[in-house]
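Okay, predicted coordinates and the sequence, questions at the end:
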Amino acid sequence: MIIKNVRCDWVFLAETNQHGGYSMCIMIPNSHPQLDEVKAAIAAAEDKGIAAGKFTKANTTSANFKQPLHDGTAEHAADERPAHYKGHMYVNANQKSGQPGIVGPDGNPLMDNSCLYSGAFYHVDINFYPFDTKSKGVGCGLNNVMFVKDGDRLDGRVNAEEAFAGLAVADENLQ
């Protein structure tokens, strides 16, 4: 499924994350028109897992069952990110078998990785799947990403021009 125009955090698309894969946290506003579609896709993955014998209906209501959709307001109320997550649901999407496809707003392959950062807006192509490994649950695969537009950075980083504003030195002082 493709979720349109969502802001993302913890974006690891240009390089791998600490687990050796590519990933992003997809922040879906509670008012997003596709939120019910996301919930239906998760329910369909649960049904697929039940049909395949990976888990039972009772497992899906267990506290140990891994659900992919999280309430950002409730889960991040006590840490440094509540302003970013308040009023959002979020999904952590991952790709471990190679880099997802990445295109720019024009639909062509992205040649400049500078727009792959936490806080930018994207269209994301994801899929939900059941798993039964060390734990049971529904995961989220990250297939493709389209950069849509810039947003305020969530990682606190500023560009070099801002960081060194007022510190430029004349060439004759560089000995």
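Nice, I can see it. Residues are numbered from 1 along each chain as shown.

Can you give the distance of stretch 108-126 from its chain's centre?
Stretch 108-126 has its C-alpha centroid displaced from the chain centroid by 11 Å (Cα atoms, centre = their mean, to the nearest Å).

count of residues packed around Asp125?
17 (other Cβ atoms under 10 Å). Using the backbone N, CA and C atoms, a C-beta is placed for each residue, glycine as well.

show me what contacts it?
Asp125 makes contact with 1-2, 100-101, 142-145, according to Cβ atoms under 8 Å, 6 or more residues apart in numbering.

Closest one of those residues to Asn113?
Closest approach between the contacts of Asp125 and Asn113, by Cβ to Cβ: Val145, at 11.7 Å.

Quick check: that closest one vs Glu75, distance?
Going from Val145 to Glu75 by Cβ to Cβ, to the nearest Å gives 24 Å.

Who has more neighbours out of the two?
It is Val145, of Val145 and Glu75, that has more neighbours when counted by other Cβ under 10 Å, with 27 against 14.

ok, what's across the strand from that one?
Using DSSP bridges, the bridge partners assigned to Val145 are Ile102, Val124.

Can you give me the pLDDT of it?
pLDDT, Val145: 98.

returning to that earlier point: most widely separated two among the contacts of Asp125?
Once Cβ to Cβ is applied, the contacts of Asp125 give Met1 and Gly101 as the farthest pair, at 15.2 Å.
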